[in-house]
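S.K.: sequence and predicted structure are below.
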Amino acid sequence: MQLKIYISLFSCIFSFCANSQNSDTLNIVEVLSKKDSILKLTVLNSNVPHYILNKNKLSELSAKDIGDALKYIPGTYVKDYGGIGGIKTVSYRSLGAGHTNVEMDGVILPNTQTATVNLSQFDVFSIHKLEMTSGQVQNHFSTASSYIKSNLLSISSDLFQLPTTKINLKLMGNASSINAYQGAIFFQQKLSKHFSYGLQSLYHFGSGKYNFNLKNIDSTYSAERQDSKLQNLKIKGGLSYQNKNLKVHLNSNYINTQQKLPGAVVLYNPYNDQSLKNKTFNSTLATQYKSKTIAIGANLFLQNNETVYRDNHYLNPQGFLENQYSNSVFGGGFIFSRFLKVETQKIFFGSDFKQAKLKGDQFETSPIRNSTNSVIGLSKWLWKLKLQANLSHQYIYDKTPLNTKEISHFSPFASLAYLPFKKHSFRVRTHFKNTYRLPSFNDLYYNSIGNSKLKAENASSINVGLTYGKNLKSTTFETTIDIYQNEIKDKIVAIPTKNLFNWSMQNIGNVLSRGVDFSLLFSYKKKLFNFTISTSQSYNSSIDVTQKNSFTYEHQIPYTPNYNASYSSTFSYKKNSLSLTILHTGHRYVLNENLPFNKLNGFIDLALGLSKTILIKKQSIYCKVLVANLLNTNYEIIKSFPMPGRHFSIKLIYTLNK
């Protein structure tokens, strides 16, 4: 019955759009609808929360990687395990990392194995742009899988951009006082008017040792963080063709990581003797075609990941534990859009397919998951109202060591925005979205982690918000406020245990999440002087509402702060810049019961950066000195995983364009 209602609704909408093509009522807003405005961070005219961080903004925020950058977007909470090999995953509005797709250069990164992508693996060195969208995807070329989840994190690399000069060369070196070092090279050459190729490599290594203080009830424990040694090599190559309408990009990526796993500091023991080796290879082919009337995106991808986990002191007859896993994924998809007069009005549909297979030395039969995702939707102006809607569908065929099952699920999305003023960037917006997430292979099957009885997670979200921005001759002002509610059934929660590889997976029957996100930005520019200040604030209540007689009824769910905020300010004159960033996170609870001994205190983290750029004809030298955790605060984002105290880093980047 529900499906019939959705189909009937979409049939009516498409019929109305077709019949209203020649209506003159759209003329009032055609000028407004041609291009959504982007000021310093927020896409103000978007129907849904939509944020963009370009290369300059990433530099202002002193972000080492994508995980650091996302901490400054309202509604995001990044779980950071500290150290140089620490994992970083994002939770947006209490929806776990499994509800955020990560897209790299137009292709969704497959994550059937973990359902999350470690954001610390994306260094900002060669990132061109970063976008975070909640609700409906705003990109013409994102395929159907992008619409399945609640949020999309889209990353555009420099390799995917057609160079403006014949040769682009970058060399980067970075060293920090927590015994972490980086070296990188980026090379891109324009072969002809339409062809270019590029190569980049980044090597991240070090012992990762740093001193920390850990407070107990009535004492403070001081020690040196051990077992964080890391060797991480990334190599990426790309070949691109681009003309007025067509863009084709072939990309291959290889990652080899060997690291020790810093354990939880339990009973004053900071030592651990577990290690993790990971090798990943993937190749993608992305094609984008765009004319005045249509846009077509298509992609193919292949990925193989090999993981070896070893515990040298495991209590078994052998005296050690070693698990080996191999996860292979391949697939592809397409999206087709037909514009209705202008690009911001369109109808679209698409579909993609993915097959994932997990092999492990502990499995008699390898789990296989085949999934097909499809979407149909529209974006339409109706006088001063902008309507966006889509209906997505997931079909999943799971063949596991225990059983075989088929799942079919439809998820609707609808949003409406109202623009009361033609000459002012003020908008009232609202949207509803349903998402459905299956447990990952890790959730179900991994040793010491998996829980084969996990149920799929079903979430419904509703959002109401206001956006406003003003761009004058020398000043820019923008602000947003959004109120939201998420209802999550069978929420999958990961509770970290003794190290970064071993977790405890569980379902929380029903979770009700309510919150407010607020952002404010002011920028002033006069001749060679520029000043920017911004803040994002998030207030969140995410409580267990499964059973009224339960000990955890109406308790805040684990690792979800009630309050999370960020502040950033930048002063620049000519090619010199001074930046200050502040992160403020409220208290959290590490387990389901909100008892005093489960409470993890909040923290404030300040970072101060000073940078200078020296120009020499077609060359430049960029130097940045950063003091992180300026106040030397002792804190943990994850229980028993202490973060570094005050530490320093220096970065040098040499650039040649000719």
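M.R.: Everything's here; your move.
S.K.: report the contact partners of the residue nearest to G75 when sequence neighbours are not counted.
M.R.: Computed as CB to CB, 6 or more residues apart in numbering, the closest residue to G75 that is not its neighbour in sequence is D517, at 4.5 Å. (Each C-beta comes from the backbone N, C-alpha and C, glycine too.) By CB atoms under 8 Å, 6 or more residues apart in numbering, D517 lies in contact with P49, P74, G75, R93, G465, T480, I481, D482, Y484, S536, Q537, S538.
S.K.: quickly find the element holding D517.
M.R.: For D517, the host element (DSSP states H and E) is strand 503-526.
S.K.: how far does that strand sit from the chain's center?
M.R.: Here the centre of strand 503-526 is set off from its chain's centre by 13 Å, with CA atoms, centre = their mean, to the nearest Å.
S.K.: check stretch 147-157 too.
M.R.: Distance of stretch 147-157 from the chain centroid (CA atoms, centre = their mean) equals 7 Å.
S.K.: give the contact list for the spatially most central residue of the chain.
M.R.: The residue lying closest to the centre of the chain (CA atoms, centre = their mean) is L153, at 4.3 Å. By CB under 8 Å, 6+ apart, the contact set of L153 is I66, L70, V90, T100, N101, V102, E103, L130, E131, M132.
S.K.: run the last query once more with 6 Å
M.R.: With contact taken as CB atoms under 6 Å, 6 or more residues apart in numbering, L153 is in contact with T100, V102, M132.
S.K.: now do the contacts for the last one.
M.R.: Contact criterion CB under 6 Å, 6+ apart gives Y51, I73, L153 as the residues in contact with M132.
S.K.: surely the residue nearest to the centre of the chain is within a helix?
M.R.: No - looking at L153 with DSSP: H, G, I helix; E, B strand; the rest coil, it is strand, so not inside a helix.
S.K.: please name the nearest non-neighbouring residue to it.
M.R.: Here the residue nearest L153, using CB to CB, 6+ apart, is V102, at 4.9 Å.
S.K.: using PDB, list the CA coordinates for the helix or strand containing the one you found.
M.R.: Using DSSP H and E, V102 maps to strand 100-104. C-alpha atoms of strand 100-104 as PDB (Å, rounded to 0.1, in the frame of the first residue of the first chain):
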ATOM      1  CA  THR A 100      27.200   8.800   5.200                       C
ATOM      2  CA  ASN A 101      28.400   7.900   1.700                       C
ATOM      3  CA  VAL A 102      31.800   9.000   0.700                       C
ATOM      4  CA  GLU A 103      32.300   9.900  -2.900                       C
ATOM      5  CA  MET A 104      35.700  10.500  -4.500                       C
END
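S.K.: what's in contact with it?
M.R.: Applying CB under 6 Å, 6+ apart, the external contacts of strand 100-104 come out as V90, Y92, I108, L109, V117, S146, K149, N151, L152, L153, S154, I155.
S.K.: so can I have JSON lines of these showing pLDDT and distance to G333?
M.R.: Listed next are the contacts of strand 100-104 as JSON lines, based on pLDDT from 0 to 100; distance: CB to CB, whole Å:
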{"residue": "V90", "pLDDT": "85", "distance to G333": "24"}
{"residue": "Y92", "pLDDT": "89", "distance to G333": "23"}
{"residue": "I108", "pLDDT": "82", "distance to G333": "8"}
{"residue": "L109", "pLDDT": "80", "distance to G333": "13"}
{"residue": "V117", "pLDDT": "77", "distance to G333": "18"}
{"residue": "S146", "pLDDT": "89", "distance to G333": "9"}
{"residue": "K149", "pLDDT": "89", "distance to G333": "15"}
{"residue": "N151", "pLDDT": "90", "distance to G333": "19"}
{"residue": "L152", "pLDDT": "90", "distance to G333": "14"}
{"residue": "L153", "pLDDT": "90", "distance to G333": "18"}
{"residue": "S154", "pLDDT": "90", "distance to G333": "15"}
{"residue": "I155", "pLDDT": "89", "distance to G333": "18"}
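S.K.: what about the helices in the stretch 101-250 of the chain?
M.R.: Applying DSSP state H, counting those that start in this stretch to the stretch 101-250 of the chain gives helices spanning 145-148.
S.K.: so, low pLDDT: which residues of it?
M.R.: 111-115, 216-218 (pLDDT under 70).
S.K.: residues touching the nearest residue to L119 once chain neighbours are set aside, list them.
M.R.: Excluding the flanking residues, the one nearest L119 by CB to CB, 6+ apart is G67, at 3.6 Å. Neighbouring residues of G67 by CB under 6 Å, 6+ apart: V78, K88, L119, S120.
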